[in-house]
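[1] Quick one, structure for this:
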Amino acid sequence: MIIYWILFLFCPLIASIVSRGQNQDKELLHNSKNQRKFAFLAMLPIIFFIGLRSGFADTRAYIGYFNIIKYNTVESFYSFDDKDIGFALITSFFKNVLMNDFHLWLFGIASFSCIAVGRLYRKYSPDFALSVFLFIATAQFTYLTNGVKQFLALSVILIAIPALLNKKYIPFCIAALIASSIHLSIVVAIPMYFICIGKPFSIKTIFVTIIFCFLSVFFANQFLGLIDFVFQDTQYSAFSSQASETAGSNAIRLIVSVVPVVLAFIKRKEIVITNDESINFFTNAAIINCAFMTLSTAISGIFFGRISIYFDVFNLILYPILLVRFFKESHRKRLKQSMIILYTIWFWYQMVYIWDAYYISDILGINTIYW
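    Have a look, this model is predicted:
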């Protein structure tokens, strides 16, 4: 657990230094090349430790995946996992062209994902340090170890989010195709990204969300059957049978997902008046994420909880936007202080009681089984 406390402390600290530099020289940090550099710097501790891991969560399974991919043959492009061919291609490229070493492969994936997250937060969050803190405190960084393919697919989408917000749909659709080849489940989220562009808390958005949740909860069996039909002949073809045997997500996760929606609802009039496309997008993403977490809690976390990955990441931008742009300074300080305290407790609870977090790295010579 000591490794994760290091991330918890040092990543926000570095991000805070970067944010202070932004206030002093906005032109320097708003340069696109410098944005990538500073985002990388803030995310470097995560890249270092997560990239050099050899044990935790699904890491061993992915190492086994890497070892099974055939070496130095065209057949490796289609071996083992032909349903997520994009991920197989990436893995085969690393193994055949760069180095037959899973350490480099894991480090490369962690680097790309963290840079994509850091770049998005650098671009849209008015409080970069808070967004980085929340990325650690909400334990979303653990998606880099548990759900690697999903988060890699999301990272491709994150790179293309500015294109979507600028109504450059062709680049976004190309990114969506690439992402879906890495993990097919993202096809559920892609149409909803277009829905997120609309005005938040409109009658249409609320009606669709409520109806979707109501029908999904009360007609769960039919809904799961529909999912099976959509994903037939894929790795999710037996989803309904798996979901029926799996308990729902922790109810606390649902409560956590509701908080940004409640804050946005309180300030909904100001948000509507502002009519900023990026704010609209992040607000709608929070609403949809809340809907999926409701389904995850009521039905099963095995699928709906994983789909929420594609929306939960935007909450970490919405929080700073709401605090900085829509709350008075006195209220902002109290809310931020409360947020830091509560999310610190949530981080500790997740990593200790839910995850029973440990860390293994054969390169670094670290083997911390107990926190």
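[2] Wait, residue 129 touches residue 15, no?
    Yes: taking contacts as Cβ atoms under 8 Å, residue 129 lies within contact range of residue 15: 4.1 Å. In short, each C-beta sits where N, CA and C put it, glycine included.
[3] Looking at those two, which is more packed in?
    Taking other Cβ atoms under 10 Å, residue 129 and residue 15 do not tie; residue 15 has more neighbours (28 against 22).
[4] For the more buried one, list the residues it contacts.
    Residues in contact with residue 15 (Cβ atoms under 8 Å, 6 or more residues apart in numbering) are 42, 128-129, 131-133.
[5] could you give me the average pLDDT of the one helix or strand it maps to?
    Using DSSP states H and E, the element containing residue 15 is helix 2-24. Helix 2-24 shows a mean pLDDT of 73.
[6] likewise stretch 69-76?
    Averaging pLDDT along stretch 69-76 yields 57.
[7] Show me the shaky parts of this structure.
    Regions of the chain meeting the criterion pLDDT under 70 cover residues 1, 18-39, 70-83, 208-250, 298-305, 368-371.
[8] Show me the residue at the heart of it, geometrically.
    residue 313 (4.2 Å; Cα atoms, centre = their mean).
[9] And that residue, how close does it get to residue 59?
    Counting by Cβ to Cβ, to the nearest Å, the separation of residue 313 from residue 59 is 21 Å.
[10] With adjacent residues omitted, what lies nearest to residue 94?
    residue 105 (4.4 Å; Cβ to Cβ, 6 or more residues apart in numbering).
[11] Is the residue nearest to the centre of the chain within a helix or a strand, and which one?
    Using DSSP H and E, residue 313 sits within helix 309-326.
[12] list the helices and strands that helix packs on?
    Packing partners of helix 309-326 (3 or more Cβ pairs under 8 Å, 6 or more residues apart in numbering; DSSP states H and E): helix 102-124, helix 128-137, helix 148-165, helix 251-266, helix 268-274, helix 277-298, helix 329-349.
[13] Just the angle for the longest one relative to helix 309-326, thanks.
    What it means is helix 102-124. Interaxial angle of helix 102-124 relative to helix 309-326 (axes from the mean of the first three to the mean of the last three Cα atoms, to 10 degrees): 30 degrees.
[14] what's the angle between helix 102-124 and helix 277-298?
    Comparing the axes of helix 102-124 and helix 277-298 via the same axes, to 10 degrees yields an angle of 130 degrees.
[15] go on, the last one?
    What separates the directions of helix 329-349 and helix 277-298 is an angle of 40 degrees, with the same axes, to 10 degrees.
[16] which helices and strands sit right next to helix 329-349?
    Where contact means 3+ Cβ pairs under 8 Å, 6+ apart, helix 329-349 is packed against helix 128-137, helix 251-266, helix 309-326.
[17] Keeping just the C-alphas, turn the helix holding residue 313 into PDB.
    The C-alpha coordinates for helix 309-326 follow below in PDB (Å, rounded to 0.1, in the frame of the first residue of the first chain):
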ATOM      1  CA  ILE A 309     -15.300   3.500 -17.000                       C
ATOM      2  CA  TYR A 310     -16.100   5.300 -20.200                       C
ATOM      3  CA  PHE A 311     -17.900   8.100 -18.400                       C
ATOM      4  CA  ASP A 312     -16.500   8.200 -14.800                       C
ATOM      5  CA  VAL A 313     -13.200   9.700 -16.000                       C
ATOM      6  CA  PHE A 314     -15.000  12.900 -17.000                       C
ATOM      7  CA  ASN A 315     -16.300  13.600 -13.500                       C
ATOM      8  CA  LEU A 316     -12.800  14.500 -12.500                       C
ATOM      9  CA  ILE A 317     -13.000  17.500 -14.900                       C
ATOM     10  CA  LEU A 318     -16.600  18.400 -13.900                       C
ATOM     11  CA  TYR A 319     -15.700  18.700 -10.200                       C
ATOM     12  CA  PRO A 320     -13.100  21.500 -10.800                       C
ATOM     13  CA  ILE A 321     -15.300  23.200 -13.400                       C
ATOM     14  CA  LEU A 322     -18.200  23.400 -11.000                       C
ATOM     15  CA  LEU A 323     -16.100  24.600  -8.000                       C
ATOM     16  CA  VAL A 324     -14.100  27.200  -9.900                       C
ATOM     17  CA  ARG A 325     -16.800  28.600 -12.300                       C
ATOM     18  CA  PHE A 326     -20.100  28.200 -10.400                       C
END
